[in-house]
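# Could you work out the structure for the sequence below:
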Amino acid sequence: MTNRLSLLTLASLTIAVPAMAAEPATAARGDVLAVQESAGDVRFVTGGIGSTEREAMSERFGDWPLKIVNAQRDDSAYVSGVAVTLRDADGATVLETTTEGPWLFADLQPGRYAIEARFDDQTVERSITVDDGGQQRAVMTWTGDKPSS
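Below is the predicted model of the structure:
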């Protein structure tokens with residue numbers, strides 16, 4: 001019986017320990033967490049629903065090279081569900097995702113990037129240059145009639 005318990009305990013640890021070690025970085029979203037994801041070599045996180053999550057995201061990911069903010073132009077209300085594509089200087093797609101909140105942080109290598117954001121049948125494009133240190137901030141504003149670049 002003792003050997004059987006030891007084997008079960010060992011099996012449980014073998015399963016649990018690697019899972020804990022691989023746990024991604026997160027930021028609080030009330031009861032939910034904004035989870036860091038990856039697309040190729042680019043780490044990113046989307047979220048920012050509520051002030052608690054925005055504060056947690058700013059603390060955890062505020063030093064990442066790119067922050068995208070999505071908001072309505074008329075009333076400054078935040079927008080989520082924005083399809084975002086980032087392309088490098090060669091035109092290769094380095095990130096393609098749909099935001100799960102108004103903010104997107106991306107851990108990019110230095111270089112030039114094109115941002116294409118799509119929401120409610122509108123498209124907004126921006127070009128940014130990421131340098132070593134510091135953060136580039138791109139605010140995408142949306143209206144009922146046409147996007148504002």
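# for the protein, what spans make up the helices?
Secondary structure of the chain (DSSP state H): helices located at 2-21, 51-61.
# For Ser51, give me its contacts.
Applying Cβ atoms under 8 Å, 6 or more residues apart in numbering to Ser51 gives no contacts. Just so you know, the C-beta spots here come from the backbone N, C-alpha and C atoms, and that holds for glycine as well.
# Could I get the pLDDT score of it?
For Ser51, the pLDDT comes out at 91.
# now swap in Arg87 and tell me
You'll see Arg87 listed with a pLDDT of 97.
# same check, this time on the one 3 residues further on
The confidence metric pLDDT takes the value 97 at Asp90.
# do Asp75 as well
You'll see Asp75 listed with a pLDDT of 80.
# Next, count neighbours for the nearest residue to Ser38 once chain neighbours are set aside.
Computed as Cβ to Cβ, 6 or more residues apart in numbering, the closest residue to Ser38 that is not its neighbour in sequence is Phe44, at 7.3 Å. By the measure other Cβ atoms under 10 Å, the count of residues near Phe44 is 23.
# for the one 5 residues further on, same thing?
By other Cβ under 10 Å, 18 other residues sit near Ile49.
# likewise Pro65?
Pro65 has 20 neighbouring residues, counting by other Cβ under 10 Å.
# same deal with Trp64?
When counting by other Cβ under 10 Å, one arrives at 20 neighbours for Trp64.
# The one 3 residues further on too?
Burial of Lys67, expressed as a neighbour count using other Cβ under 10 Å, amounts to 19.
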